[in-house]
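Fold the following, please.
(chains A and B)
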Protein chains: 2
Amino acid sequence: MNSEGCIDFFFKPESIALIGASPNPEKLSHTILESLRKMNFKGKIYPVNPGYREIEGLECYSTPAEIEDRIDIAVFAVPAKSVLNILKGPVGNIKGAIIVSSGFREIGPGGKRMEDELKALLEEKDIRAMGPNCLGIYDTVSNVDTFFIEREKIERPARNGVSVLTQSGSFAAMIMDELANEGSGVARVVSYGNKVDVDESDCLEFLSQDEATKAVALYIESVTNGRRFLEIASSCVEKKPVVALKVGKREPGARAASSHTGSISGMYEAYEAAFRKAGIIEVSSYEELKDACKVLNRYSPVEGKRVLIVTDGGGIGISIADACEEAGLKVPELSEAAVKKLKEKLPAFASVRNPIDLTGSVRDEHYVAALQETPSEEYDLAIVSLLWGPPLLTEGVAEIIRNFAERCGKPILISSPGGKFSRELASAFTETGIPVFFSPESAVRAAAVLCRGKK
Amino acid sequence: MNSEGCIDFFFKPESIALIGASPNPEKLSHTILESLRKMNFKGKIYPVNPGYREIEGLECYSTPAEIEDRIDIAVFAVPAKSVLNILKGPVGNIKGAIIVSSGFREIGPGGKRMEDELKALLEEKDIRAMGPNCLGIYDTVSNVDTFFIEREKIERPARNGVSVLTQSGSFAAMIMDELANEGSGVARVVSYGNKVDVDESDCLEFLSQDEATKAVALYIESVTNGRRFLEIASSCVEKKPVVALKVGKREPGARAASSHTGSISGMYEAYEAAFRKAGIIEVSSYEELKDACKVLNRYSPVEGKRVLIVTDGGGIGISIADACEEAGLKVPELSEAAVKKLKEKLPAFASVRNPIDLTGSVRDEHYVAALQETPSEEYDLAIVSLLWGPPLLTEGVAEIIRNFAERCGKPILISSPGGKFSRELASAFTETGIPVFFSPESAVRAAAVLCRGKK
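The predicted model follows:
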């Protein structure tokens, strides 16, 4: 019988069997083998395929039972039917399975029957399993990567503090690709697909105790066991921030069928209430979830909602201020004392209200002067907006803002919209670990997450 | 006396004088000269600077009066004081001026006095003027570019149908850079700065009659003459869609001063009401305005709000559907007849509800089959979402979707989130003129603009 027990071994495996391993570069299993090697996975890798004696320099086994070792994770990259056949054989040395294969419940009644059979087999053989119909685990801590899409197509983010849980593989791939592309990272990503066994609660329970995970981002289509989820989430939130995006809020298909409308919309309200009760920060869009990941990689939630805005473009400053007010944040006037100090330290062309506008005549040091001379007790976090057009602004500004950020103890978020040139210069910030947002609204969404997250 | 008359000559100049021209590549005026040449401006260019006889192969004049020609646009790229001094001299041959110089009203009381003097001088000499404190005109129709930021820093978008009017130069630069970077274009962009003379109404009046302009995007901090604006905007909306972003809605500084609160929030409500009365599509964020520009370059507003969603990632499809419902759009169930036809033409792995999910097993032709087999009377526009992970999906899909888009007569919007690889493949769409949006929500914002814009 499966128990709601520990699934830690999925996140610190000493051995991985790759069932369906193949030397053919077009096979999913080949991409997985390559990924494990690129990740520099430190444990044992056992290819399993009766057709080969050796794959890519590794001894290949006919069946899992032939492997004289405990297998922490057996990755099943074979057709649905083969998954069942292999599980019917001797698999006593398998502790956990990641079944990436599709062709189960998601394809209709026939697949549903196969998934029921799969479930029964897993329970009989006492194997914990993720999937089927999933991408599995991408883990920058244990160096595991079972995502079977090539790195040329989907970039892999570097190590950082946010772990992501998602049913949807396409969602996992999309957010990983974008986070990597925007210079941000992750701790662990789990795409658990059809949840024949391991579900969001199991994973969240692990992440709750996981020191490598500083914050958790959830993409939720449905929760299997509401009560258990609520309990585990509440306890997780005591230790680290949890953000969640619930999708399928008003399932358009079901909505059209009027008889379902009430129950479905009631369901979403139940999720909303549960999130609130557990202290989960609910976000309402993919964009917001991504912004949350980026900011929580670096910063913890804050008390208060007062935002200091420093900009070199008046129009952008106003847009950011508008977006702040729209999101329920405050852009307070600065004290007279602060204004006086700012006037002394900044050139006459600067506007020393909040937003502080350094204008197109800005030099690197003005950004830091503006931050330094504003008393830290007058704001809870700062959004620093840079347009890179001003002739005297250089990428050196990243280093001096970072130094200030380390001293000041308040979150500093960078807004740097624009094209190629701006992206290049903004990478000076991401290299120092400071999160960069590429539209005025994006920085504000991230700020709002920090302001809503204080337990 | 200035009249509220025709300012057409700003948009079809036969001669441009560059006052303050310089061979020094670090001077703004040098960037402008270079830009005019890169734009392949067909008219005459007259550098003016008493210090030179020749600049970059062009004869240089000591004063504007020395030029024996009518000057349609005199670009003033000299310090504020020099602008006044030159205007006090003989300038009878100047019709229009673009004063990019800062140092006027925006710097305080001293600058305000200079701007008053500037205004009086312009009226006395009967010169129409844009600025001061502006970037001026970027025009893909007349090949004019007075934006003094180098192209390496701020990319210039290609020719297309949307014209942009803005007080804020930083806003103009930002949206141009991003539109260019995302493969989108513009017709004409005007950054009119402090509005000593030419304002949003003058420009909108011209654009209203302008055949090269298919739609207008406004970034508004304030409107000079509300009644005139309302009249001109209403008449423009009869001919082409107008979208507007009002910024400084709740000016945070003024808000803190509680005595101003009422009047300011009342002011925003006045703008809102005016936009509604004129039939302007109000957008609420920079992101939304950019999305609007991209979609209006290609498509006209539609009757109805029914969105067909075709995707290869189930999770993304649901996110798009959620965002549609959130934005007041509909994602209707397809008719039984449509579902039947789709089932016949699509493989068994596809889900043929709306969203139609072609899954990771998708091939290029499935996208077109899904679009072709859904009767066009069942939707008003389609959002086609592509994740590029699926192994059998190629960039060839852009060409066949474009062919379908040309036949079907309904707007087709592409959603293609992701990193480098996705951006590269998505450029196959932008090359065919089909707008591409880089997040699920971004495509929906654009769709909502089309659905709100029908006169």
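
Any chance you could note which residues of the stretch 251-400 of chain A sit beside chain B?
Residues of the stretch 251-400 of chain A found near chain B (CB under 8 Å from any CB of the partner chain) are A:251-253, A:255-257, A:284-287, A:312-316, A:318-319, A:321-326, A:330-333, A:348-349, A:353-355, A:359-360, A:387-389, A:391. Backbone N, C-alpha and C define where each C-beta goes, glycine included.

List the contacts of residue A:247.
Residue A:247 sits next to A:219, A:220, A:221, B:315, B:318, B:319, B:322 when contact means CB atoms under 8 Å, 6 or more residues apart in numbering or on different chains.

I should have written residue A:402 there, sorry.
Here residue A:402 is in contact with A:429, A:432, A:433, A:434 (CB under 8 Å, 6+ apart).

Produce a ChimeraX select command limited to the buried residues of those.
Selection of buried members from these for ChimeraX, criterion 16 or more other CB atoms under 10 Å in any protein chain shown:
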select /A:429,432,434
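
Of the contacts of residue A:402, which pair is most distant in space?
Spatially, the most separated pair among the contacts of residue A:402 is A:429 and A:433, at 8.4 Å (CB to CB).

Tell me the residues on the stretch 1-150 of chain A that lie near chain B, please.
Close to chain B, as judged by CB under 8 Å from any CB, the stretch 1-150 of chain A has residues A:26, A:102, A:107, A:108, A:149.

tell me the SS of the residue positioned nearest the centre of chain A?
Nearest to the mean C-alpha position of chain A, counting by CA atoms, centre = their mean, stands residue A:164 at 3.9 Å. The assignment at residue A:164 comes out as strand when based on DSSP: H, G, I helix; E, B strand; the rest coil.

Was I right to think residue A:79 contacts residue A:99?
No: here residue A:79 lies out of contact with residue A:99, judged by CB atoms under 8 Å, at a distance of 11.1 Å.

one step back: which members of the contacts of residue A:247 are positioned in helices?
B:315, B:318, B:319, B:322 (DSSP state H).

check contacts around the second one.
Taking CB under 8 Å, 6+ apart as the criterion, residue B:318 is in contact with A:168, A:221, A:247, A:248, A:251, B:355.

and these as CSV, adding pLDDT and secondary structure?
Output for those, formatted as CSV (pLDDT from 0 to 100; DSSP: H, G, I helix; E, B strand; the rest coil):
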residue, pLDDT, secondary structure
A:168, 92, coil
A:221, 89, coil
A:247, 89, coil
A:248, 86, coil
A:251, 62, coil
B:355, 93, coil
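
Tell me which two in the residues you listed are the farthest apart.
Greatest spatial distance in the contacts of residue B:318: A:168 and A:251, 14.3 Å, computed using CB to CB.

Wondering if stretch A:188-201 reaches chain B at all.
No: judged by CB under 8 Å from any CB, stretch A:188-201 stays clear of chain B, getting no closer than 9.6 Å.

show me where the stretch 201-350 of chain A has strands.
A:215-220, A:242-246, A:281-283, A:307-311 (DSSP state E, counting those that start in this stretch).

separation between residue A:211 and residue A:187?
10 Å (CB to CB, to the nearest Å).

the more surrounded of the two?
A direct count of neighbours by other CB atoms under 10 Å in any protein chain shown for residue A:211 and residue A:187 places residue A:187 higher, at 25 against 7.

Which of the contacts of residue A:402 fall in helices?
Those of the contacts of residue A:402 lying in helices (DSSP H): residue A:429.

Reformat the contacts of residue A:402 as a markdown table; add distance to residue B:34 and pLDDT.
Converted to a markdown table, the contacts of residue A:402 look like this (distance: CB to CB, whole Å; pLDDT from 0 to 100):
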| residue | distance to residue B:34 | pLDDT |
| --- | --- | --- |
| A:429 | 30 | 94 |
| A:432 | 34 | 88 |
| A:433 | 38 | 90 |
| A:434 | 34 | 95 |
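
Closest one to residue B:423 out of the contacts of residue A:402, please.
Nearest member of the contacts of residue A:402 to residue B:423, counting by CB to CB, is residue A:429, at 20.7 Å.

ok so, going back, identify, from the residues of the stretch 1-150 of chain A next to chain B, the entry nearest to residue A:115.
The closest of these, once distances to residue A:115 are taken by CB to CB, is residue A:107, at 9.7 Å.
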